[in-house]
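Engineer: coords below, sequence missing:
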């Protein structure tokens, strides 16, 4: 079981930026595919971005070109840089680590991002 702690959420105006961080208790991040998901009120949780152990990335169409996922294996931390934020980006953002072999999912408790218009 990997413990994940997200941080960096908050209130920002439309067009602003935030960087979310996800600190992991696991020291070998190459065993995991790392993802960021979000859940807006009344909506299902949706994929925002993922990064593989090889560094490949995938983004949801709604955030492509605005968000960047990355991770620092030396710091056991994943990041989500969010630029040009829109009110529809308002949600609780969750970090996910999925084991590459077992498929086991590990989730953080989430961090709230609120974008005001």
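Structural biologist: Done, it's in. These numbers were taken from a predicted model, which means no experiment stands behind them.
Engineer: got a list of what the most centrally placed residue in the chain touches?
Structural biologist: With distances taken as C-alpha atoms, centre = their mean, the residue of the chain nearest its centroid is residue 36 (2.7 Å). Applying C-beta atoms under 8 Å, 6 or more residues apart in numbering to residue 36 gives the contacts 20, 22, 47-50, 69, 78, 80, 93-96. Any C-beta I mention is one placed from the backbone N, CA and C, and that applies to glycine too.
Engineer: Let me know the pLDDT of the nearest residue to residue 15 once chain neighbours are set aside.
Structural biologist: Among residues not flanking residue 15 along the chain, residue 84 sits closest, at 6.1 Å (C-beta to C-beta, 6 or more residues apart in numbering). Predicted confidence (pLDDT) for residue 84: 98.
Engineer: In contact with residue 84, which residues are there?
Structural biologist: Residue 84 neighbours (C-beta under 8 Å, 6+ apart): 15, 17, 66.
Engineer: what's around residue 110, how many residues?
Structural biologist: A count of nearby residues for residue 110, using other C-beta atoms under 10 Å, gives 18.
Engineer: Distance from the one helix or strand residue 33 maps to to the middle of the chain?
Structural biologist: Take DSSP states H and E as the rule and residue 33 turns out to sit in strand 32-39. Centroid separation for strand 32-39 versus its chain: 5 Å, with C-alpha atoms, centre = their mean, to the nearest Å.
Engineer: Quickly run through the sheet partners of it, with directions.
Structural biologist: strand 46-51 (antiparallel), strand 91-99 (antiparallel) (DSSP bridges).
Engineer: Buried deepest among these, which one?
Structural biologist: strand 91-99 (a mean of 21; mean count of other C-beta atoms under 10 Å).
Engineer: hmm, who's touching that strand?
Structural biologist: 2, 4, 6, 9, 20, 22, 24, 26, 29, 31-40, 43, 45, 48, 78, 80, 104-113.
Engineer: Give me the average confidence score over it.
Structural biologist: Rounded mean pLDDT across strand 91-99 is 97.
Engineer: what do you get for stretch 47-59?
Structural biologist: 95.
Engineer: Outside of it itself, list whatever touches it.
Structural biologist: Contacts for stretch 47-59 (C-beta under 8 Å, 6+ apart): 29-38, 60, 63, 67-71, 78, 80, 93, 100.
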